[in-house]
Structures are given as structure tokens and as C-alpha cells.
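with the input below, show me the fold.
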Amino acid sequence: MSWFSFNMVTAKSNEPLKPEWPINVMVFKPTDDAEDIKARIKPTEDPLQEYKLNGEKKLTHNTEHHFDTKHYALLFEPGEYKDCSFEVGYYVQMAGLGKDAEGSNAARFTGAKSGPYVEALNKHMSGGSNQAVGTGLCLDTFWRSAENFSSENTQWAVSQAAPLRRVNVANELVFGDGDAYSSGGFVANSKVGGHCDYAANQQWFSRACDFKQTSGGAWSTVFAGCTGDIPQNDSSPSDNNAHVRTVEEAPEVRVEKPYVAIDTHGNYNLHVPKATRDATTGAQLDSSNDEIRPFSNVKVGKPILPMKDGEYVNHNMATYNDLIAEDEKITNDLQQALDEGKDLVLCPGIFFLTKPLVITHANQVILGLGLATLIAPQDGSPCISVKAKTAGVRIAGLMLEASKQQPESGGRASDGKSCLLSFGELDVADDAGDADNPGLISDVFTRVGGSNLDRAVSTDIMVRVHSGNVVGDNLWLWRADHVKLREGEEPNDPELPLYWQTRMWKEEDGKKIRIDECITKNALEVTGDDVKMYGLFCEHTTEHQLVWKGERGSTIFFQCELPYDVDIDFANDNFTGYYVDENVEEHTARAIGVYSNFQVYDVDASTGMQLPSKEGIILHNPFSLFLNNKGSIQKTLNQGGALVGKKPADIDTKGIPQRAWVGEKRATIEIV
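Numbering: from 1, shown residues only. A predicted model of the protein is given here:
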């Protein structure tokens, strides 16, 4: 028997209530000395670099860890942590272990600057998007998170894939760092007792938050189910509508992300908040709505952690794509736990899957800590497959990454397509899901390309949702526009010196040659009915970024960059950022923004989004925007064949949103 077919079968056994965490899961107690806590966390932070500003020595965190493979979880037991400030670096999750996020059962950071923070990175640099030395950049503060704590003040200067959720900030919450450019972002289920500043963020999505005062933002600031001082719907602080605020007062459904907590006996529990269609507004910072599952029925999955001289180190890139027997064993152990009806909590690190994790039990949870990363099997099958008619499944806190596909790819769906996450089954047409117990995809970040030095990694579609009544809550589905440089390799764009810029084509001896680096066609495909997306980011895929075929679907907040490296065929084939099939009768899309930054060829995309013109199609504050470089988006919207938009979004309107309209419209065609 080959090791690829090895599968140990044993009787179901209880898991330990006090798991033995690996070395990259750090658990802190309020009795620990603050300086000792910071010293332990220091290696997980983004490295500090010295620079001079006006003759004065300064320090900045840099992006050296941008494509590391080391991951960490920083877990804080309930209690007070005074004057304990630390940066949350790449692939790091900070999480309180309290069952509440405020009061005596919460992890509480006290002091004017205490608790997790993120600042702008690379303040030593200038040029490109770094405006000047000392300013720094928040455009790539990705892949990190913080949740379930209280603080007095918090700075969280981030962009995509860096959520802040279930927090109570007594005074000021700042989502930026001075004038540094930023492209956020997501906050949910939180309370801010003072001022919340969206700073220079191009766009930001806030869900179920209580605010006392809000300000800032650049183009699109979106609120769903928020209470307190929030802007008026469709309002703009500028005369030309350069910045528009979109408000959805009461979302249809609410499903909060599961989380891990510790009880007074030191036992761990998995808290699974129940879905609700009633209490969809404001913060819920206690555990009164949670189903509490003891860790006796939770499998703690542990990845292989590379070690050298007793230290945790990055994976060896020379063998990164080589599967070993231990990968098969880990995959089988995780699947066996799922088959036994257990939930999975996956520890920080990289899991190289040899087959998909298949969920067949209703209400099961797969929760990642420290942005646990699943590398897709090499046969075209997904990282996770949720079987049809399996209600209430929760997939959360994970990164899903494409692999290099082998020639014999027997794991693809019946239509021949590969993906990273399949929720439901393509061939099951009557999977309506459960409106009272919807599925959840929360804080799930996919990527095709990045750390892997082999740029032939690929998948056809990143996420496919075939089941009905599934909720998406903060998804960044990213085809890499930049990847890690190989040893000794020079960057292919001198204006972007830190990384390799991915390309579909190269010019050689005057000829245009297809090279297909990090290829994926679509970010998200939805065929299920009644699917809701709250905070959806889709970027750089080579065809439609999103394809929606299900009925009664909705998106509140959509941020999209079209691919940088396509040629004019992208325009000739009428690919768009947000595509709703012509047969769909009902769909709602709010705060939909599609941006262009064609770097290689002059691509004049005909439109940023395409939807049918029908009474049941609602479109709210759609806009397109020219970011930089070449080409254009000619019109913001194709609605039922009519092209709608004020004027082409191109070099003449750089950085200025071009809006089809401000407000909400149903099937009204107006050529502006």
C-alpha cells in the first residue's frame, strides 16, 4: 500500500480540554509581566528599521515578513494587561480568550497606548506610493488580525485581509497613520466610545458596530447594521461626490465568527454564535447568543513547523511543493475528526493537503488560528468541500492557497474546473440551505501566488458557493499581483523594487509570449440562492472577478481591482469586475467599486460591472475608478445592455470615483 492511500481508522475518542499548543501559539496571563510579554511577542512583529528624518533618528516597521511562511497566534486570557503595547505583524492573530469582549470576563488592555496596534510600514522609503520619507504605507499591511479584547485606544492602520472584530475601544480607534495611503478594510461587532477615524482609506466596511463619532475615508465608506453617530445614507463630505457613504440600516441576517475562549477551570471551549435575523444591528460583546462547545469534541490540528537549531524558521522553498508522508497523515487525521463529527481548530502554520477536507455533518466548524493556511491538493480538488444540504457549517479564520496542479488532476468538479473552496455541490440543484441556520464563510482569504516561488500555481475559481443561504463575512479573494523574489532575482519593475510583478505575457525578441503566472479566472462564483456577502474583496483574476447566478443574492460593500497584466482581449471579451447573469431576476448590490490599473497594455475595459435591467435588480452607489498607469474603464456600468456612467474613468480622472449615480435605483436606465 502506498502512503498516499494510507488511512488509519480508529474509534472516536475525546480530545483534551486543555490542548497542548505548539510553540507558535503563545498564551499570556494577566499575571505575566508586561515587559516579558512584549519580549516574547517581539520576534512575531514586523522588523524594525532605523532611518533619519530631518536629521533625527527614527524607527519604522518594514515589510520583510511580507511573504514569510511563519505564522503565530497570540492568545490573552481574561484580565487586565497594563501598558502592554505590541505590533501585530504579518501572519499573526491576536485574540482574547474571554467569553466576553468587555468587563471582567474580557482581555483588557489598560493605559493610553496598550494592546495590539499596526502602523504604516516602510517609513524609511520614498517613491511610488510612498509619498515621502517618514510617511510610510498602509497599502500592504495585509494578513493579520485582532479580536475579542478591550482597549483604551487602538491604531489599526491596515488594508485587506486584516480584520478587527469583537472589540471594545473606550476612546479613539484609528484606521490609518497620518497621510499614508491605505486600502482597507473591515471591522465588525465592535464598540467605540470615542472617535473612529477612517483616515485616508480608499474604502472601508463596518458591520454591526456602535459608534459615538466617525470621520475620514476617501472614496467609499460603508456601514451595515451600525448604530450611534453614523453618516446619513448617500451623503458626501465633498461637493463632487468623490467620497460617498453607504448605509444599510438593518442587514437581513447576522452570523458572527466562532471564537475560542477559556473558562475558570482553564478548559477551552469553542463558542459558536447563533445566526439571527432579528438582532442584526449593534455590537454583541457577550456570550449570551453563543452555543458553547467543549474542546472534548474539537480536534486541534497542528501543521509541520520547520525547526533549525531549536528555532521556528520559514519553510524551505526548494521543497515547498513536495508532498511527504507526514502531509498525508495530517490530512487523514483532520478528515477522520470531521468524519467523527468533531469541529476543527487549526493551529498557525501551513497545511499541505493531499486531499480536500470534506464536511458532511451539519453545523461543523473549521476555525483557523494565526491565519492557518491550507495549500490545495495538487489534483485540482479544493482545500475544503462542504457537501450539499449540510446546513450551519462555519468556515473561518483561514487562508486558502493555490498549488501547482499535477497533469493528472482528477479532483476537479464535473465541469472540469478547480477551486479552493466549494460550498455545496455543482450537480445538486435543489440545495436551498436553511434560512434559519445559514452557512458562514468568515475571515477567509484566498490567494493564487505569493510565497510559493513556482509561479505556475493556479486554480480556475477561488471560491464556489452552490448551496443556498450562505453568508460571506469578510472575504479577500486575491490573485497575486506581486510575489516573492527568487534568490538573486532582480525585480521586473524598478518602481516596485521589493517583489516580482506577476505577468500573463512577456516580450521576447519582439514577440509576445504567454507565460501565465499565478493564473485564476474568477474570484467568486455563486450559483446558490439567498447568498449574502458582507465585505467582499475580489482582485486581479483574468476573467470576470465575480460571477453571480443565484437568485435573491446580495452584496454590501465590494472592492475590486481588475487585473494589472491582461492584454486587450480582456476588453474584447467584455470581462468585468461584478457580473450578474442575465437570467437572474432579483439581486441587490450596494457600494460596488471597481478600479483599473492596467500596467502592461492599453486595455479599455468597456464597463466595471454588468447586471440585468429588471425590477428585482437593486444597485446602490456603483462607481469605477482609474488608479494609475494605462487604459481605462469606459463606463461604470452595463445595465441590461445600456452603458451608464458620467464619463470614462481614465488618466484625466485619476483617483476620482466615476459614479453611475448616487443612491439606490431599480432597473432605471439613464444614459448620463
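
tell me the SS of residue 570?
At residue 570 the chain is in helix, as set by DSSP: H, G, I helix; E, B strand; the rest coil.

residues near it, how many?
22 (other C-beta atoms under 10 Å). For the C-beta atoms, the positions are set from N, CA and C on the backbone; glycine is no exception.

my read: it touches residue 603, true?
Yes - counting by C-beta atoms under 8 Å, residue 603 is a contact partner of residue 570 at 5.5 Å.

what about residue 296, distance to residue 369?
Going from residue 296 to residue 369 by C-beta to C-beta, to the nearest Å gives 18 Å.

so for these two, which sits in the more crowded spot?
Shown here are residue 296 and residue 369; by other C-beta under 10 Å, residue 369 has more neighbours (27 against 14).

pretty sure that one sits in a strand.
Yes - counting by three-state DSSP, residue 369 falls inside a strand.

residues contacting it?
25, 73, 75, 93, 95, 260, 345-348, 397 (C-beta atoms under 8 Å, 6 or more residues apart in numbering).

please pick the buried ones from these.
Buried members of those, counted by 16 or more other C-beta atoms under 10 Å: 25, 73, 75, 93, 95, 260, 345-348, 397.

in helices only, show me those.
Judged by DSSP state H, helices contain none of the buried ones among the contacts of residue 369.

and which of the residues you listed is nearest residue 354?
Checking those against residue 354 by C-beta to C-beta gives residue 346 as the nearest, at 15.7 Å.

let me know the pLDDT of the closest one.
You'll see residue 346 listed with a pLDDT of 99.

go on, the one 4 residues further on?
In the prediction, the pLDDT value recorded for residue 350 is 98.

give me the element residue 609 is part of.
Using DSSP states H and E, residue 609 sits within strand 604-611.

elements contacting the next helix or strand after that strand?
Downstream of strand 604-611, the next assigned helix or strand under DSSP H and E is strand 617-620. Strand 617-620 sits against strand 587-596, strand 632-639, strand 664-666, with contacts defined as 3 or more C-beta pairs under 8 Å, 6 or more residues apart in numbering; DSSP states H and E.

pairing partners for the helix or strand sitting right after the second one along the chain, with directions?
This points to strand 632-639. The helix or strand immediately downstream of strand 632-639 is strand 642-644, counting by DSSP H and E. Sheet pairing of strand 642-644 (DSSP bridges) gives strand 632-639 (antiparallel).

how far off centre is the strand it pairs with?
Relative to the chain's own centre, strand 632-639 is displaced by 26 Å; criterion: C-alpha atoms, centre = their mean, to the nearest Å.

stretch 381-389 now?
The answer for stretch 381-389 is 19 Å, by C-alpha atoms, centre = their mean.

stretch 571-582 now?
Distance of stretch 571-582 from the chain centroid (C-alpha atoms, centre = their mean) equals 23 Å.

check stretch 393-412 too.
Centroid separation for stretch 393-412 versus its chain: 16 Å, with C-alpha atoms, centre = their mean.

can I get that stretch as PDB, trimmed to CA atoms?
What follows is stretch 393-412, C-alpha atoms only, in PDB (Å, rounded to 0.1, in the frame of the first residue of the first chain):
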ATOM      1  CA  VAL A 393     -21.400  24.900   8.600                       C
ATOM      2  CA  ARG A 394     -18.800  27.600   9.600                       C
ATOM      3  CA  ILE A 395     -15.500  28.100   7.800                       C
ATOM      4  CA  ALA A 396     -13.500  30.900   9.400                       C
ATOM      5  CA  GLY A 397     -10.100  32.400  10.000                       C
ATOM      6  CA  LEU A 398      -8.300  30.600   7.200                       C
ATOM      7  CA  MET A 399      -6.000  31.400   4.300                       C
ATOM      8  CA  LEU A 400      -6.500  29.100   1.300                       C
ATOM      9  CA  GLU A 401      -3.700  28.900  -1.200                       C
ATOM     10  CA  ALA A 402      -3.400  27.500  -4.700                       C
ATOM     11  CA  SER A 403      -0.900  24.800  -5.500                       C
ATOM     12  CA  LYS A 404       0.900  23.700  -8.600                       C
ATOM     13  CA  GLN A 405      -1.500  21.300 -10.300                       C
ATOM     14  CA  GLN A 406      -0.300  17.900 -11.500                       C
ATOM     15  CA  PRO A 407      -1.100  16.700 -15.100                       C
ATOM     16  CA  GLU A 408      -3.500  14.100 -13.800                       C
ATOM     17  CA  SER A 409      -6.000  16.400 -12.000                       C
ATOM     18  CA  GLY A 410      -8.800  14.100 -11.100                       C
ATOM     19  CA  GLY A 411     -10.200  16.200  -8.300                       C
ATOM     20  CA  ARG A 412     -11.900  18.800 -10.400                       C
END
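
tell me the mean pLDDT over it?
On average, stretch 393-412 scores 92.

just stretch 486-504 next, same as before
94.

span of that stretch from start to end?
Taking C-alpha to C-alpha, to the nearest Å, stretch 486-504 runs 18 Å from one end to the other.

and it, what's buried?
With the criterion 16+ other C-beta under 10 Å, stretch 486-504 contains buried residues 496, 498-504.

of all these, which two lie farthest apart?
Farthest pair in those, by C-beta to C-beta: 498 and 504, 21.2 Å.

ok so, going back, using TSV, please lay out the helices and strands packed on strand 617-620 together with mean pLDDT, mean neighbour count and distance to residue 439.
Converted to TSV, the helices and strands packed on strand 617-620 look like this (pLDDT from 0 to 100; neighbours: other C-beta atoms under 10 Å; distance: least, C-beta to C-beta, whole Å):
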stretch	mean pLDDT	mean neighbour count	distance to residue 439
strand 587-596	97	25	19
strand 632-639	92	25	30
strand 664-666	89	15	28
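
using JSON lines, lay out those strands together with distance to residue 176.
Output for these, formatted as JSON lines (distance: least, C-beta to C-beta, whole Å):
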{"stretch": "strand 587-596", "distance to residue 176": "18"}
{"stretch": "strand 632-639", "distance to residue 176": "26"}
{"stretch": "strand 664-666", "distance to residue 176": "29"}
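
circling back: where strands are concerned, which of the buried residues of stretch 486-504 count?
Those of those mapping onto strands are 500-501, per DSSP state E.

how close does residue 279 get to residue 21?
From residue 279 across to residue 21, the span is 33 Å (C-beta to C-beta).

which one of these two has more residues nearby?
residue 21 (17 against 13).

where in this structure is pLDDT low?
1-11, 646-651, 667-672 (pLDDT under 70).

could you pull out the helices for the protein?
Counting by DSSP H, the helices of the chain are 34-41, 325-339, 569-572.

of all these, which one is nearest residue 438?
Across the helices of the chain, residue 438 has its closest neighbour in helix 325-339 (19.8 Å, C-beta to C-beta).

now the closest one, how far from the centre of its chain.
In terms of C-alpha atoms, centre = their mean, the centre of helix 325-339 is found 26 Å from the chain centre.
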